[in-house]
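[1] Structure for the following, please:
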Amino acid sequence: MRIASAALPCLALAGLIGWTHAPKADTPSAPSPAVESLNFTGLAEISFGETDVPRSQETSTGNRALIGGWVTAPLGDQFGIRLALNGGLEVGSPADVGSNYSIPLLNAGGDIFIRDPSKGYVQLGYRWTEASWRRQEGAWVEDNELSDHQLRYSVGLFHGDFDLEFGVEYLRRSGRSRVTNLSIGFDENFRASSNGFHVLGGSTWYVADAVALGFGAGWSRMETHVPYPDAHIDRFEARLGVDWQPPVASPRVGTTIGLSTGLGYYTSPFQIVSSENTGGEIIINSITNGEFVNFYYDIRLAVTLYFPGTSSLKERARHYE
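    Here you go, the predicted model:
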């Protein structure tokens, strides 16, 4: 089974390359390029989420706002490249322990792909995320920095009004925390790094030129090494959404409005059983090791503005983005 699974990406790549070298018919039609022309998409997105934590009488919340965009350009007729950049802010309140938090976010990356707009694509992409934040409880101050690296290989198939995507990601996370308490002269730095992977799949149904329904699901596992050496975090999420392309007078510009909801869970290798706030400081009384499941949901609203405009969402996805 491992040999068969490892061969699938190679077969998919060979199949796509085969499209461009298939025997020519007597009256061949000119193939569509991977990217019709240089194009730009701007994005504004907000999301609201809650997580139910076991052994807690409360839920943690996390809200996020992002703004950014990406540029897609042709590389000859068969290849394309995409460069993306966005930033924003995540705010929330954890359950059990800790104060409210506010985390600035910065995301950047790119993709290179080979695509036949009538059949599908093969794509290799990279994403980098940087976040930093401070938490304070009484005299204790914690400064955190976190970097995530994602390397994704994905294959997409086009059939009629349906798009299918399958992918796998390698995940690398590194972080640094500095904990200080000036009242007792405490000042320590902690560093950690971990690896993981993510498998995903999804589909899009173009119900009409201006309406598309999307469904996706993914599962990941990430090392954590806390509180014991072989600890890890598993995460699963399923998402359902709809996109609408309002009519725009000018063909030079287009826009979409998207609404989606995600449901999922992640495991925790330990759980805080009890804690108390004494004099403005959080005291943790006991921690239990194990695999605890935390369920969560979120709702996202996204608006895109893109240049040039297209006649349909399907044309936008297969010929431009």
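[2] Where does the prediction get shaky in this protein?
    1-30, 53-58, 94-99, 225-229, 249, 270-291 (pLDDT under 70).
[3] would you list every one of the strands in it?
    Residue ranges of the strands in the chain, as given by DSSP state E, are 39-52, 59-75, 79-93, 101-116, 120-137, 140-159, 162-181, 186-208, 211-223, 232-244, 254-278, 281-307.
[4] Same list, those, but as TSV with distance to residue 313 and mean neighbour count please.
    From N, CA and C alone the C-beta is placed, and that goes for glycine too. Below are the strands of the chain laid out as TSV (distance: least, Cβ to Cβ, whole Å; neighbours: other Cβ atoms under 10 Å):
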stretch	distance to residue 313	mean neighbour count
strand 39-52	12	17
strand 59-75	15	17
strand 79-93	18	16
strand 101-116	17	17
strand 120-137	17	16
strand 140-159	13	17
strand 162-181	10	16
strand 186-208	6	14
strand 211-223	5	17
strand 232-244	6	16
strand 254-278	7	16
strand 281-307	11	15
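[5] Minimum distance to residue 31: which of those strands has it?
    Of all the strands of the chain, strand 101-116 sits nearest to residue 31, with 7.1 Å by Cβ to Cβ.
[6] Tabulate the strands of the chain (TSV), appending distance to residue 320.
    Formatted as TSV, the strands of the chain follow (distance: least, Cβ to Cβ, whole Å):
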stretch	distance to residue 320
strand 39-52	5
strand 59-75	6
strand 79-93	9
strand 101-116	11
strand 120-137	13
strand 140-159	14
strand 162-181	14
strand 186-208	15
strand 211-223	14
strand 232-244	14
strand 254-278	10
strand 281-307	8
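[7] Among the ones you listed, which comes closest to residue 33?
    Among the strands of the chain, the nearest to residue 33 by Cβ to Cβ is strand 59-75 (5.8 Å).
[8] That closest one to strand 79-93, inter-axis angle?
    Taking axes from the mean of the first three to the mean of the last three Cα atoms, to 10 degrees, one finds that strand 59-75 is oriented at 160 degrees with respect to strand 79-93.
[9] what are the pairing partners of strand 59-75, and which direction each?
    According to DSSP bridges, strand 59-75 forms sheet pairs with strand 39-52 (antiparallel), strand 79-93 (antiparallel).
[10] Residue 78 and residue 33: what is the separation?
    8 Å (Cβ to Cβ, to the nearest Å).
[11] Same question for residue 224.
    In terms of Cβ to Cβ, residue 224 sits 45 Å off from residue 33.
[12] Minimum distance to residue 206: which of the strands paired with strand 59-75 has it?
    Of the strands paired with strand 59-75, nearest to residue 206 by Cβ to Cβ is strand 39-52, at 17.7 Å.
[13] Quick one: distance of that closest one to the chain centre.
    The chain centroid and the centroid of strand 39-52 are separated by 10 Å, computed with Cα atoms, centre = their mean, to the nearest Å.
[14] Same question for stretch 68-78.
    The answer for stretch 68-78 is 20 Å, by Cα atoms, centre = their mean.
[15] got it, and stretch 172-181?
    In terms of Cα atoms, centre = their mean, the centre of stretch 172-181 is found 23 Å from the chain centre.
[16] Please look at residue 215 and residue 260 and confirm they touch.
    No. In this structure residue 215 lies outside contact range of residue 260 using Cβ atoms under 8 Å: 9.6 Å.
[17] Find residues that contact each of the two.
    Common neighbours of residue 215 and residue 260, counting by Cβ atoms under 8 Å, 6 or more residues apart in numbering, are 239-241.
[18] and which of these is nearest residue 41?
    For the shared contacts of residue 215 and residue 260, the closest approach to residue 41 (Cβ to Cβ) belongs to residue 241, at 16.6 Å.
[19] Identify the residues contacting the closest residue in space to the closest one that isn't next to it in sequence.
    Excluding its sequence neighbours, the residue lying closest to residue 241 (Cβ to Cβ, 6 or more residues apart in numbering) is residue 260, at 2.8 Å. Applying Cβ under 8 Å, 6+ apart to residue 260 gives the contacts 214, 239-242, 299-300, 302.
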